[in-house]
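Chemist: I would like to see how this sequence folds:
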Amino acid sequence: MRRDLFWRPPSTSSGIVRKFLSRPLACVALAYLSILVIACTFAPLIAPYNPESEDLLAVLSGPSRLHLLGTDELGRDVLSRLLFGGQITLLNSLEAVLAFMIIGVPLGLFAGYRGGRIDRVIMSATDIVQSLPVIIVLLVVAAVFSGSLALMITLGLVSSPSIIRVVRVATLSVKTELYVRAAEVVGLTRFQVLRRHILPQVVAPMAVQVSVFAAAAITIEAALGYLNLDVSPPAPSWGSMIAEAGTVIFRQPFLIIPSGLIIVITVIALGVLGDAIRDIWAKKDDRSDIDTGREKRRSSQPAVAVTPSVQDENSSDPAPPDSLLSVRNLEVMINSREGDLRIVDHVSFDLKAGETLGVVGESGCGKSIMALALLGLLPSGGRITGGSVEFRGQQLVGMSNKERSKLRGRHIGLVSQEPMVALDPVFTVGSQIKEVLQTLHGSNAKEAKRDALELLGRVRLPDPRTAFESFPHELSGGMSQRACIAIALAGSPDLLIADEPTTALDVTVQAEILDLLLSLNDELKMSILLVTHDWGVIADCCERTAVMYAGQLVELAAVNEIFNTPLHPYTEGLLASNPYLSERGLLPSIKGVVPSPWEWPEGCRFAPRCPYATEDCTLAQIALRVMSTGRVTRCLHSERVGTAASNVQ
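Modeler: Below is the predicted model of the structure:
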């Protein structure tokens, strides 16, 4: 593919500069602040007089050729004192801003990302600090400590609750994004996820808080200077100059204008600059032309894994020696407004190395929650309440997040349903693949780039180098999905989970992605778990099929057996509802909907929707049955279902 077929926008930095230059008011504010900082920094070189030199013959003179801004009551040059005083005021304000950010930003990120008890402790402490009167606290500190450093650090500390709350709320929103979950699954550490994928997204609201606080810090510093708490006379600061001007305001009203006006303009400029940074940064990853499908997003979905040797709920048999993943009696509970809900109910299964398994079932059947439980990525309030999960003989239940991160990416890879939200819009595709390679393999930058280009070539992207340099929104859906597959392959995983990887793609690209997954399965000898609603995909790609309903596994068999002779009414209904398999005319459907966990029936959970249901089906839970052929079903009338299907055939 020719490189000129790709539209290449300006680089991120040049794009930000261009957007900033399109805002005249922001440019004026930045220019003013830059000139002010430079002038104050180099005050000893550009100030016309020593700020403490007195000229008693020019006391309280107005602006003149010798003194551009006049003199004070001791004949000292006001312009020189403004420049030298700016060093004190700006430096003190900078100290407060640094303390504000160093304390507030990490705590806000940590509280929002970790949640739970840590979040409650941090927010409780924030409430206590926020209830303290700032001025009173500063006066107490001034009485105990000499100098302005302690005052400014204290100001940053007692003001930090505002930025903690803003950063926390932004983090709570960003951490649910699929690309954050994907970063966790590929094995990035908690610090890397926060630094690379969450922090850039909270810059916009953070910029506003920092600019507002910087303006407030200058104002408060001036107030402290007015009380002579920042510097000792005759050293100048903007606040002390206002205090001095106030004593002679009736004799020389102009004297208060330079120091007062410079504070007002600086505060306004900081506010304008903060708003501009917020707007520009918020629009940096604007992808309004892309349907991100947020309402369809789901959390990272590790594998639901099964083999023909599936055991019953009460089974505690050891895993077969050739098992890659073995799950026994897995129970998952979710804490909700309705109380504790069991979402996954006594699930037991095994998955052999090198197998390809398709998992089907309507939304709400528990596939995603079970998958999340396998990698310890349950949502807030979720917990494993029973059972065991072994991957390569290693017990995952009870394993710490740090230990699990060693498995994610290295041994279990993920290809998500929505590639456009699984890729971080802030970074290029190449930088995201390099990040994974450097994290998992310790590669240097050169090696990581070489391996990333090789991976992009392996997933059959026509121009790997162009894709490497592209941002996610510059790629088509098929190319983005291939990039996600490349990231998943970066750790050379033993198990690849593909969560409906072709849902949003046209049929031609679907076929290419599926063919790619099958070729990778043959080439790398890795297991593939394929979650899909498309029976055609199941037929083309999978060796076995697992059917899930209402938190339970209801049928498991080889693909040809499922298609020829389904043994569960739910499987039969799903097949009959497939447009490709149905007869001409009205497309049949399964009556009713999947019941919510708090509405699950006492007996067979499919009984209210089942045409074969009898009274026996409603008396007690139906256990899994292992047929003589090795097939597994959860139905009392599987022989009737199989006979009916055979007659149809």
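Chemist: what's the helix or strand for residue 84?
Modeler: Taking DSSP states H and E as the definition, one finds residue 84 inside helix 78-114.
Chemist: mind listing what's buried in that helix?
Modeler: 78-93, 95-97, 99-101, 103-105, 107-113 (16 or more other C-beta atoms under 10 Å). Every C-beta, even on glycine, is put in place using the N, C-alpha and C of the backbone.
Chemist: now do stretch 53-68
Modeler: Of the residues in stretch 53-68, 54, 59, 61, 67 count as buried by neighbour count, 16+ other C-beta under 10 Å.
Chemist: same question, stretch 243-254
Modeler: For stretch 243-254, burial by neighbour count (16+ other C-beta under 10 Å) applies to 243-245, 252.
Chemist: pull the distance from that stretch to the chain's centre.
Modeler: For stretch 243-254, the distance from its own C-alpha centre to the chain's C-alpha centre is 55 Å (C-alpha atoms, centre = their mean, to the nearest Å).
Chemist: now the helix holding residue 84: mean pLDDT?
Modeler: Over the span of helix 78-114, the pLDDT mean works out to 91.
Chemist: number the chain from 46, please
Modeler: With the count now opening at 46, the last piece we talked about shows up as helix 123-159.
Chemist: identify all contacting residues around the helix or strand following that helix.
Modeler: The C-terminal neighbour of helix 123-159 among helices and strands, as given by DSSP H and E, is helix 161-175. Residues from elsewhere that reach helix 161-175 (C-beta atoms under 8 Å, 6 or more residues apart in numbering): 152, 155-157, 202-203, 205-207, 209-210, 213, 425.
Chemist: again with stretch 483-495
Modeler: The list of residues contacting stretch 483-495 from outside it, by C-beta under 8 Å, 6+ apart, reads 231-234, 237, 454-455, 475, 478-479, 482, 496, 513, 535-536.
Chemist: most widely separated two among these?
Modeler: For those, the maximum inter-member distance is 23.7 Å, found between 234 and 513 (C-beta to C-beta).
Chemist: more neighbours, the two?
Modeler: Applying other C-beta atoms under 10 Å to residue 234 and residue 513 shows that residue 513 carries more neighbours, namely 21 against 14.
Chemist: and the more buried one, backbone torsions?
Modeler: Its backbone dihedrals place residue 513 at phi -60, psi -40, with angles given as degrees, to the nearest 10.
Chemist: now it. Nearest residue, chain neighbours left out?
Modeler: residue 475 (3.5 Å; C-beta to C-beta, 6 or more residues apart in numbering).
Chemist: burial of that neighbour, as a residue count?
Modeler: Residue 475 has 23 neighbouring residues, counting by other C-beta under 10 Å.
Chemist: again, but for residue 161
Modeler: In terms of burial, residue 161 registers 10 neighbours under the definition other C-beta under 10 Å.
Chemist: all strands in the chain, in order from the N-terminus.
Modeler: Secondary structure of the chain (DSSP state E): strands located at 368-381, 384-397, 401-405, 427-436, 439-440, 457-460, 540-544, 572-576, 589-594, 597-603, 670-671, 677-678.
Chemist: quick one: mean pLDDT for the last one?
Modeler: Yep, that's strand 677-678 we're talking about. 88.
Chemist: before we move on, what about the second one?
Modeler: For strand 384-397, mean pLDDT rounds to 82.
Chemist: on that earlier part again, need the buried ones from the contacts of stretch 483-495 selected in ChimeraX.
Modeler: Those of the contacts of stretch 483-495 that count as buried under 16+ other C-beta under 10 Å are selected in ChimeraX with:
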select :231,232,233,237,454,455,475,478,479,482,496,513,535,536
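Chemist: relative to residue 440, how far out is the closest residue in space to residue 367 that isn't next to it in sequence?
Modeler: With sequence-adjacent residues excluded and distances taken as C-beta to C-beta, 6+ apart, residue 367 is closest to residue 397, at 5.3 Å. Shown here: residue 397 relative to residue 440, a distance of 19 Å by C-beta to C-beta, to the nearest Å.
Chemist: the two: which is more packed in?
Modeler: Ranked by neighbour count (other C-beta under 10 Å), residue 397 and residue 440 place residue 397 first, with 19 against 11.
Chemist: for the more buried one, give me its contacts.
Modeler: By C-beta under 8 Å, 6+ apart, the contact list for residue 397 reads 352, 365, 367-369, 572.
Chemist: pull the number of nearby residues for residue 443.
Modeler: Applying other C-beta under 10 Å, I find that residue 443 has 10 neighbouring residues.
Chemist: while we're on it, how confident is the model there?
Modeler: 85.
Chemist: residue ranges of each domain in the protein, please.
Modeler: Using automatic domain parsing, the domain ranges for the chain come out as 80-327, 468-537, 611-693.
Chemist: for the ones you listed, which one sits closest to residue 577?
Modeler: Each of those was scored for nearness to residue 577 using C-beta to C-beta, and the closest is domain 611-693 (11.7 Å).
Chemist: need the contact list for the nearest residue to residue 119 once chain neighbours are set aside.
Modeler: Distances taken as C-beta to C-beta, 6+ apart put residue 99 closest to residue 119, at 4.8 Å, once the chain neighbours are dropped. With contact taken as C-beta under 8 Å, 6+ apart, residue 99 is in contact with 119-121.
Chemist: quick check: PyMOL command selecting the buried ones in the residues you listed.
Modeler: Only the buried entries of the contacts of residue 99 go into this PyMOL selection, using 16+ other C-beta under 10 Å:
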select buried, resi 120+121
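Chemist: what would the contacts of residue 99 look like in a markdown table with distance to residue 261?
Modeler: Formatted as a markdown table, the contacts of residue 99 follow (distance: C-beta to C-beta, whole Å):
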| residue | distance to residue 261 |
| --- | --- |
| 119 | 31 |
| 120 | 34 |
| 121 | 29 |
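Chemist: wait, which of the buried residues of stretch 98-113 is closest to residue 275?
Modeler: Using C-beta to C-beta as the measure, the one of the buried residues of stretch 98-113 that approaches residue 275 most closely is residue 99, at 21.9 Å.
Chemist: which other residues reach stretch 294-306?
Modeler: Under C-beta under 8 Å, 6+ apart, the answer for stretch 294-306 is 105, 107-108, 114-115, 117-118, 123-124, 127, 130, 283, 286-287, 289-291, 293.
Chemist: any regions of this structure where pLDDT drops low?
Modeler: Filtered on pLDDT under 70, the chain yields the residue ranges 46-61, 326-362, 383, 548-550, 625-632, 687-694.
Chemist: swap the cut-off to 50 and go again
Modeler: For the chain, residues meeting the criterion pLDDT under 50 lie at 46-57, 330-357, 360, 692-694.
Chemist: ok so, going back, show me the two of the contacts of helix 161-175 that sit farthest apart.
Modeler: Greatest spatial distance in these: 203 and 425, 30.1 Å, computed using C-beta to C-beta.
Chemist: between these two, which is the more surrounded one?
Modeler: Counted by other C-beta under 10 Å, residue 203 and residue 425 do not tie: residue 203 has more neighbours, with 21 against 11.
Chemist: how about residue 200, nearest residue that isn't a chain neighbour?
Modeler: On the basis of C-beta to C-beta, 6+ apart, the spatially nearest residue to residue 200 that is not a chain neighbour turns out to be residue 141, at 4.5 Å.
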